[in-house]
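> Have a look; sequence and predicted model below, questions after that.
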Protein chains: 2
Amino acid sequence: MTGGAGPHRPADAEALALARRILGGARDAVLSVLDENGWPMTSRIALQTDTAGVPLVLLSSIALHSAALMRDPRAALLLAPPPPSRGSILAQPRLSLQVRAELAALAEAAHLRAAWRARDPRSALYVDLPDFRFWRLRIRGGLLNAGFGRASVIAPGDL
Amino acid sequence: MTGGAGPHRPADAEALALARRILGGARDAVLSVLDENGWPMTSRIALQTDTAGVPLVLLSSIALHSAALMRDPRAALLLAPPPPSRGSILAQPRLSLQVRAELAALAEAAHLRAAWRARDPRSALYVDLPDFRFWRLRIRGGLLNAGFGRASVIAPGDL
């Protein structure tokens, strides 16, 4: 995904601003990880950013995606703003990122939980469950698709 | 994803009916493929089912996901009904499938295009573009998540 981007152009200031808005406003995403055979698998997960703007996810340790990330930290995200009530979802902007997952230290958990709950009160349903752990998803690169045929390459330092 | 499903139970009749409804009603999905290094990457794509109920996608040959599927047909989908106008998207049902991609024969294209356009008039924007090709995504297995903590295993023949 990095290099050889074919039909895609580097992100300009407008594209980067849109990508940052999508990431900063996200409360959920589609996560893709690798199963034990290296086959992709997907799930919808809760996502926020930490104070440094790094994507942060809170996953149940007993879920398949957590076991997958423990084996292989290579993952990807699809982030999008809430979809429109009308019009095609394929015309809407979305951000596709390749990421490397890092389990957050247990010592950080109380602080991260408080910040998470403050930004998403509905997370009270799961945020304190004992089997849930935070992961940081370090951005390796990606693509912003701002609508049909309008794709820009996102470099690791861009967001 | 097949076997060793941990906290997940086999899909019962109600779960299978919901999974079939999500798949049959889908007009888009998140697709995950593998890049040249085996790292997952994601994109949002148009999706329908063919007359046999097999997921069918229509992808630009110049897009990164097409090049990825040509190299390695292992892929995954996340399918969900249109999200609710209120309430958490994480409480909504979604279907996660592992699939193997097969490029459809060019001889089928005219027939598949007509059926596709009839089911999704908005596809007129791209359905006739010369670089677009149909792929069938053969289901290998998956998970139905019917809401928080309610996951069922989908076997290859289930849908």
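Sure, I can see it. Residues are numbered from 1 along each chain as shown, chains lettered A, B, ... in the order given.
> which stretches of chain A form helices?
Ranges of helices within chain A are A:13-25, A:64-71, A:109-119, based on DSSP state H.
> can you list those helices in TSV and add mean pLDDT, mean neighbour count and distance to chain B?
Glycine gets a C-beta too; all of them are placed from N, C-alpha and C. As requested, the helices of chain A are arranged in TSV below (pLDDT from 0 to 100; neighbours: other C-beta atoms under 10 Å in any protein chain shown; distance: least, C-beta to the nearest C-beta, whole Å):
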stretch	mean pLDDT	mean neighbour count	distance to chain B
helix A:13-25	94	16	12
helix A:64-71	96	19	6
helix A:109-119	95	14	13
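> of these, which approaches B:L143 most closely?
helix A:64-71 (7.5 Å; C-beta to C-beta).
> picking up where we left off before, any chance of the helices of chain A in a markdown table, with distance to B:A115 too?
Shown next, in a markdown table, are the helices of chain A (distance: least, C-beta to C-beta, whole Å):
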| stretch | distance to B:A115 |
| --- | --- |
| helix A:13-25 | 33 |
| helix A:64-71 | 34 |
| helix A:109-119 | 44 |
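> residue ranges with poor pLDDT in chain A?
The model of chain A has pLDDT under 70 over residues A:1-7, A:85.
> Nearest residue to the middle of it?
What sits nearest the mean C-alpha location of chain A, by C-alpha atoms, centre = their mean, is A:L77, with 4.4 Å.
> tell me the contacts of that one?
Residues near A:L77 by C-beta atoms under 8 Å, 6 or more residues apart in numbering or on different chains: A:29-32, A:47, A:55, A:95-97, A:99, A:137, B:42.
> the strands in chain A, which residues?
With strands called from DSSP state E, chain A shows them at A:9-10, A:28-34, A:40-49, A:55-60, A:74-79, A:94-103, A:132-145, A:151-154.
> Comparing those, which comes out most buried?
strand A:28-34 (a mean of 27; mean count of other C-beta atoms under 10 Å in any protein chain shown).
> Direction included, what does it pair up with?
Using DSSP bridges, the strands paired with strand A:28-34 are strand A:40-49 (antiparallel), strand A:74-79 (antiparallel).
> got a list of contacts for that strand?
Everything outside strand A:28-34 that qualifies as a contact, by C-beta under 8 Å, 6+ apart, is A:40-47, A:55, A:57, A:65, A:68-69, A:71-72, A:74-79, A:101, B:30, B:32, B:38, B:40-42, B:76, B:78, B:88-90.
> what angle do that strand and strand A:94-103 make?
Between the axes of strand A:28-34 and strand A:94-103, defined by axes from the mean of the first three to the mean of the last three C-alpha atoms, to 10 degrees, the angle is 60 degrees.
> Strand A:28-34 vs strand A:55-60, what angle?
Between strand A:28-34 and strand A:55-60, the angle formed by their directions is 70 degrees, by the same axes, to 10 degrees.
> residue contacts, A:E102?
Neighbouring residues of A:E102 by C-beta under 8 Å, 6+ apart: A:73, A:135-138.
> Who is it paired with across the strands?
For A:E102, the beta-bridge partners under DSSP bridges are A:R136.
> Can you give me the distance of it to A:A68?
14 Å (C-beta to C-beta, to the nearest Å).
> now do A:S96
In terms of C-beta to C-beta, A:S96 sits 19 Å off from A:A68.
> do A:Q92 as well
A:Q92 is 28 Å from A:A68, by C-beta to C-beta.
> just A:E14 next, same as before
Separation of A:E14 from A:A68 (C-beta to C-beta) stands at 35 Å.
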